[in-house]
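A.B. asks: I'll drop the sequence and a predicted model, then ask my questions.
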Amino acid sequence: MVMTEETAANPSFAEQAIEHNANAPGLDESVEPSDIKMRARDVSIYYGAKKAIDEVSVDVFTEHVTAFIGPSGCGKSTFLRALNRMNDTIPSARVEGTIELDGEDIYASGMDVVQLRARVGMVFQKPNPFPKSIYENIAYGPRIHGLAEGKGELDAIVEKSLRRAGLWDEVKDRLTDSGTALSGGQQQRLCIARAIAVDPEVILMDEPCSALDPIATAKIEELIDDLRGRYAIVIVTHSMQQAARVSQRTAFFHLGHLVEYGHTSDIFTNPREQRTQDYITGRYG
Amino acid sequence: MSPAIPLLLALGLGLAGWLVARARAWTFKRAAPHGRLAALPKYHAWYAALWIAVPLLLFFLVWDYASGQLIMAHVLASPEAAALPKFGLRRATIINEAWGIANGTTARALNEESVALAEPFRQAISRYQLIGIGIGLLIAGAGAAWAFLRLKPDFAARTKVERLVLAALLIASLVAILTTLGIFVTLVFETFRFFGMISPIDFLFGTQWNPDPMGNPNNPDPSRYGAIPLFWGTIFIGAIIAMIVAIPLGMMSAIYLTQYAKPGLRKWVKPALEVLAGVPTVVYGYFAALTVAPFIRDIALALGASNPSSESALAAGLVMGVMIIPFVSSMADDSIAAVPQAMRDGSLAMGATANETIRRVLVPAALPGIVGGVMLAVSRAIGETMIVVMAASTAASLSANPLDSMTTVTVQIVALLTGEGSFDHPATLAAFALGFVLFLVTLALNFVALRVVKRFREAYE
Ligand SMILES: Nc1ncnc2c1ncn2[C@@H]1O[C@H](COP(=O)(O)OP(=O)(O)OP(=O)(O)O)[C@@H](O)[C@H]1O
Ligand SMILES: [Mg+2]
């Protein structure tokens, strides 16, 4: 984590948080700059004239799960969607500041959005399998990106993705059934498998478990933990327990501001900000 | 009796009842402990007014018919009627004329007998008019008494009025249903008469269509009533040529409008497209006949066709296709827009382009709705008359060449019904059989289409 003198001179909450992390014991050694997968700096996001995200700076690390928490409407989804430019689909949305993927500005004019989204995949709050067969759902991404040559390779990708998503054993005999005929939890894992199939580097998940029961949730959390070894994962969640269980970093948003960002253990056991403390304990009851 | 009398009576008495009942309800209201009634005074007023006016009007509806019979009986019993010829046209003419003179619709008598007969008519008319008004007043009075006896502070006039409104609405909807039924029964009846003369096998499977309205109606030639060329012409023009135009254009405009057009543009283009659906088909008809057909013939000539027809299936089909575009596009538009945003987002988030998303996700997901829309459009196209009447010909031919002249079921129905034949000639009755087939086919298409669309809607709810 590199701090310039300029930002250090006038630290915002976000930068204080980053500074805090930078000063945390052991972090400087464990996190080489190359481990930062995505780097957001002074990102503000507007819907028309309304500012939904105000000067947020966050880093997303390789092989880490980063959790975004905060009260409803604070801008978690908005910020998450900025990371793979899904906000582009909303005409009124506008992004300021820089977001880099492997040091490359994703909002630069030369950026190929299609390629970006292939590298930064997304899983939505409500499972949204396509109304196609399970097989076709997974094969969709590899097909459009030309990742497989011939049926054999495609079959292999489908199987591998379903296995990684922990769904293979449940669906291997019914690959031609419609994806929408699965249970909610299975659908969500299908969507995760679908995202994995294009071999992304980052996976963004917006409240992936909010439509699921506890057992399906536990399966997804387990899956996230397994996937951590290969991808940088960002998860938005309303469940403090979930954030604490699956993430290594946590960012707490409030009213469009990043209040605090750091190691999950620090945020949950020893938050620096009163607001973070209130939010976390409030949720615990 | 002129209809003004019962109407004025009903209106006047009803209004009086309305005002009195309202005044009465107000007195209840003032006397009531908290100034509250079970229903507002105006519902009491409506309750009374309806009880007065509705029975009165119903009575006069019946009386209009009954009094005619009574007047006739009265006149025939009079001494003047004894002089009438016993039977036949002349007797009926005189009676009608006398009645006309009596109520003032006939100015001058052509038969002197009718002048004599006019007097008893006059007597009878004024007598039964008086009786009618008397009974009417009694009925209105009875209605008023019934209503006023029931007006009480706790009377639920509101629900009673509500129930009456409900009955009125029910009757209104029954009218539509009964009309459909009536049309259907007439069609079936006439069709069976036709099939009594020409066997359905000859009609449905024969390949020669050349009915002869002047031929002997008792011994028609079944081989001239083969409807296959008509069915073919209808399908070729309405379901093939028109759809080749309408499906791609309609789909593309729907895709453009839902996925690419800026809201500002969409706001203009969509209504403009819908205007197409509002253009009277007769306007399309002369566009087809005067502009498109000659143009196509010229092109055919330039391409070396020998002696192309000026009434081509192609011209009718093309214009019909344009007419149908809004149906296809608005159904496709609705269906594509009904595919949840989550599908679109899911595909875009995989790194698909907008185009791939549309082709591989949105259109397949919207397909049932689109198919339903196309089927509705087909059913509309094959029932369409004006364009083909004006641009296609009346000569039946079984040909796959779009430049040939061809005819359709609807064109033949028009030709047969406006032709020379008498109404019970098989050539005329054939129109009903054709109409019946058309009715069944479009009904089936609509039925299937609506079910498909409904299934599609359910899939996303
Ligand atoms: N498409 C949009 N157009 C305009 N304003 C929007 C849009 N989407 C979100 N917003 C606004 O931006 C703010 C942040 O919304 P966002 O969806 O990012 O919140 P969130 O933190 O994800 O909330 P939740 O936890 O309820 O999902 C809210 O005030 C919201 O009203
Ligand atoms: Mg959200």
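C.D. replies: In hand now; what should we look at? Residues are numbered from 1 along each chain as shown, chains lettered A, B, ... in the order given. Ligands and ions are numbered 1, 2, ... in the order given.
A.B. asks: where does the chain have low pLDDT?
C.D. replies: You didn't say which chain, so I picked chain A. Chain A contains residues with pLDDT under 70 at A:1-34, A:283-285.
A.B. asks: look at chain B instead
C.D. replies: For chain B (pLDDT under 70), the answer is B:1, B:87-88, B:457-461.
A.B. asks: domain map for it?
C.D. replies: The record's domain parsing of chain B by the TED database lists B:3-154, B:222-458.
A.B. asks: my read is B:Asn401 is in a helix, agree?
C.D. replies: No: counting by DSSP: H, G, I helix; E, B strand; the rest coil, B:Asn401 falls outside a helix, being coil.
A.B. asks: against B:Gly321, how distant is it?
C.D. replies: For B:Asn401, the distance to B:Gly321 (C-beta to C-beta, to the nearest Å) stands at 18 Å. To be clear about C-beta, it is placed using only N, CA and C from the backbone, and glycine gets the same treatment.
A.B. asks: with B:Met390 instead?
C.D. replies: Counting by C-beta to C-beta, the gap from B:Met390 to B:Gly321 is 16 Å.
A.B. asks: so which of these two has more stuff around it?
C.D. replies: The neighbour count for B:Met390 versus B:Gly321, taken as other C-beta atoms under 10 Å in any protein chain shown, is higher for B:Gly321 (25 against 22).
A.B. asks: and the helix or strand hosting that one, what does it pack onto?
C.D. replies: Here B:Gly321, judged by DSSP states H and E, is contained in helix B:313-338. When contacts are defined as 3 or more C-beta pairs under 8 Å, 6 or more residues apart in numbering or on different chains; DSSP states H and E, helix B:313-338 packs onto helix B:242-255, helix B:263-278, helix B:281-287, helix B:293-302, helix B:363-383, helix B:386-391, helix B:426-459.
A.B. asks: which helix is the longest one in chain B?
C.D. replies: Longest helix in chain B, counting residues (DSSP state H): helix B:157-197.
A.B. asks: mind listing what's buried in the helix or strand that it is followed by?
C.D. replies: Sequence order places helix B:200-205 as the next helix or strand after helix B:157-197, per DSSP H and E. Buried residues in helix B:200-205, counted by 16 or more other C-beta atoms under 10 Å in any protein chain shown: B:Asp202, B:Phe203.
A.B. asks: next one: the helix or strand following helix B:200-205 to chain centre, how far?
C.D. replies: From helix B:200-205 onward toward the C-terminus, using DSSP H and E, the following helix or strand is helix B:228-234. Computed by C-alpha atoms, centre = their mean, to the nearest Å, the chain-centroid distance of helix B:228-234 equals 25 Å.
A.B. asks: who are the packing partners of helix B:228-234?
C.D. replies: Other helices and strands packing on helix B:228-234, by 3+ C-beta pairs under 8 Å, 6+ apart, are helix B:409-417, helix B:426-459.
A.B. asks: what's the angle from the longest one to helix B:409-417?
C.D. replies: For helix B:426-459 against helix B:409-417, the angle by axes from the mean of the first three to the mean of the last three C-alpha atoms, to 10 degrees is 150 degrees.
A.B. asks: what packs against helix B:426-459?
C.D. replies: Taking 3+ C-beta pairs under 8 Å, 6+ apart as the contact cut, helix B:426-459 packs with helix B:157-197, helix B:200-205, helix B:228-234, helix B:313-338, helix B:363-383, helix B:409-417.
A.B. asks: quick check: residues of the stretch 101-250 of chain A near chain B?
C.D. replies: Neighbours of chain B within the stretch 101-250 of chain A, by C-beta under 8 Å from any C-beta of the partner chain: A:114-118, A:121-122, A:124, A:126, A:128-132, A:140-141, A:144-145, A:191, A:194-195, A:198.
A.B. asks: among those, which lie within helices?
C.D. replies: Among those, the ones falling in helices (DSSP H) are A:Val114, A:Gln115, A:Leu116, A:Arg117, A:Ala118, A:Tyr140, A:Gly141, A:Ile144, A:His145, A:Cys191, A:Arg194, A:Ala195.
A.B. asks: write the PyMOL selection for whichever of those residues are buried.
C.D. replies: To isolate the buried members of those in PyMOL, using 16+ other C-beta under 10 Å:
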select buried, chain A and resi 114+116+117+118+140+141+144+145+191+194+195
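A.B. asks: of the ones in helices among the residues of the stretch 101-250 of chain A next to chain B, which is the nearest to ligand 1?
C.D. replies: A:Cys191 (17.4 Å; C-beta to the nearest ligand atom).
A.B. asks: and the gap between that closest one and A:Ile203?
C.D. replies: For A:Cys191 relative to A:Ile203 (C-beta to C-beta), the value is 11 Å.
A.B. asks: so what's in contact with those two at the same time?
C.D. replies: A:Val123 (C-beta atoms under 8 Å, 6 or more residues apart in numbering or on different chains).
A.B. asks: got a list of what the residue nearest to A:Asp54 when sequence neighbours are not counted touches?
C.D. replies: Closest residue to A:Asp54 apart from its sequence neighbours, by C-beta to C-beta, 6 or more residues apart in numbering or on different chains: A:Gly256 at 4.5 Å. By C-beta under 8 Å, 6+ apart, A:Gly256 lies in contact with A:Lys51, A:Ala52, A:Ile53, A:Asp54, A:Cys74, A:Gly75.
A.B. asks: list the buried residues of stretch A:51-67.
C.D. replies: A:51-62, A:64-67.
A.B. asks: cool, and stretch A:39-55?
C.D. replies: A:Arg39, A:Ala40, A:Arg41, A:Val43, A:Ser44, A:Ile45, A:Tyr46, A:Lys51, A:Ala52, A:Ile53, A:Asp54, A:Glu55.
A.B. asks: ok, A:Ala139 touching A:Lys151?
C.D. replies: No: the pair A:Ala139 and A:Lys151 does not pass the contact test of C-beta atoms under 8 Å, sitting 9.7 Å apart.
A.B. asks: please identify which of those two sits among more neighbours.
C.D. replies: A:Ala139 (23 against 9).
A.B. asks: now for the more buried one: which residues touch it?
C.D. replies: Neighbours of A:Ala139 in contact, by C-beta under 8 Å, 6+ apart: A:Ala148, A:Leu154, A:Ile157, A:Val158, A:Ala197.
A.B. asks: got the phi/psi numbers for the closest residue to A:Tyr46 other than its chain neighbours?
C.D. replies: Closest residue to A:Tyr46 apart from its sequence neighbours, by C-beta to C-beta, 6+ apart: A:Arg94 at 4.5 Å. When read as degrees, to the nearest 10, the backbone of A:Arg94 gives phi -140, psi 140.
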